[in-house]
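Undergrad: Any chance you could fold what I've pasted below:
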Amino acid sequence: MSKVGSRAGARTIAAWLRDHGLALATGALFLLFMAGQTLTGYFVHNEELRTHGRPELSVGAYFFTGHFVEATAENWESEFLQMAAYVILTVVLYQRGSSESKKIGEAEEVDRDPRLFKDKPDAPWPVRRGGWVLRVYENSLSIAFLLLFVVSFALHAAGGVVEHNEDALSRGEPPVSMGAYLVSSQFWFESFQNWQSEFLSLVSMVVLSIYLRQRGSPESKPVDAAHRDTGGG
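TA: Got it, this is the predicted structure:
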């Protein structure tokens, strides 16, 4: 390959990394922390098994335990609930001065009717298709987060009842059914302790962004913006 071709290829890669840096960085951090959770959870679970005189598991087998599934899904559930609620609430509710709110009393691009742009050549296919396809598409972000919440909630319940029954077995107690576990204080304690923390972070972001700034972030207003100004920069 020529030097010109090599430089062009390097520029292409650099441009691609620049264009997708946020997804790559957050994805990499997720994988890093997921690996950390898995490894430490594996050691904790095997320590519990040894304490009760039961054989240890391999890392591969650990992925299918209630210990791993419950711990993972319990946290995903709260994150997806948070995001679904936030997407939906910011459609209809406002907070004066917050960068997280739409501007009060002003038209926003996100509110424009996509049906007026059905003939736009580069519009997404559902916009050009119209009908029920567009109705689903224009709410697809909240629908996706709600579906991910439901799946995570179900996995939390499935993994939680297995983990609960394994603990009960080690104490010589009878197992419980899925229905009994779903109405137990243990299940809802696990859920509420995560849900409250997610909404604490949301209200902190909404309120703190009224008064505090981060230059260069789309989550912040311009540094020189007045506290009363609503919406990002």
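Undergrad: Quick one: find the helix or strand in the protein with the lowest mean pLDDT.
TA: helix 3-19 (a mean of 81; mean pLDDT, DSSP states H and E).
Undergrad: Summarise which helices and strands whichever helix or strand comes after that helix is packed against.
TA: Later in the chain than helix 3-19, the nearest helix or strand by DSSP states H and E is helix 21-51. Helix 21-51 sits against helix 59-62, helix 66-92, with contacts defined as 3 or more C-beta pairs under 8 Å, 6 or more residues apart in numbering; DSSP states H and E. In short, each C-beta sits where N, CA and C put it, glycine included.
Undergrad: just so I know, which of those helices lies nearest H45?
TA: helix 66-92 (4.6 Å; C-beta to C-beta).
Undergrad: That closest one to helix 21-51, inter-axis angle?
TA: Counting by axes from the mean of the first three to the mean of the last three C-alpha atoms, to 10 degrees, helix 66-92 lies at 150 degrees to helix 21-51.
Undergrad: So G97: helix, strand or coil?
TA: coil (DSSP: H, G, I helix; E, B strand; the rest coil).
Undergrad: check which helix or strand covers the nearest residue to it once chain neighbours are set aside.
TA: Excluding its sequence neighbours, the residue lying closest to G97 (C-beta to C-beta, 6 or more residues apart in numbering) is I210, at 3.9 Å. Following DSSP H and E, one finds I210 within helix 185-211.
Undergrad: buried stuff in that helix?
TA: Buried residues in helix 185-211, counted by 16 or more other C-beta atoms under 10 Å: 187, 190-191, 194-195, 198, 202, 206, 209-210.
Undergrad: Kindly reformat those as CSV and extend each row with pLDDT and distance to L22.
TA: Shown next, in CSV, are the buried residues of helix 185-211 (pLDDT from 0 to 100; distance: C-beta to C-beta, whole Å):
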residue, pLDDT, distance to L22
F187, 95, 35
E190, 93, 31
S191, 96, 30
N194, 94, 25
W195, 96, 26
E198, 95, 21
L202, 94, 20
V206, 94, 21
S209, 94, 19
I210, 93, 24
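Undergrad: tally of neighbours for V127?
TA: 19 (other C-beta atoms under 10 Å).
Undergrad: was I right about it contacting D119?
TA: No: the criterion here is C-beta atoms under 8 Å, and V127 misses it with D119 at 9.5 Å.
Undergrad: What are the contacting residues of stretch 195-203?
TA: 78-79, 81-82, 85-86 (C-beta atoms under 8 Å, 6 or more residues apart in numbering).
Undergrad: And for H164, nearest residue in space, chain neighbours not counted?
TA: Nearest one to H164, counting by C-beta to C-beta, 6+ apart, is Y181 at 5.9 Å.
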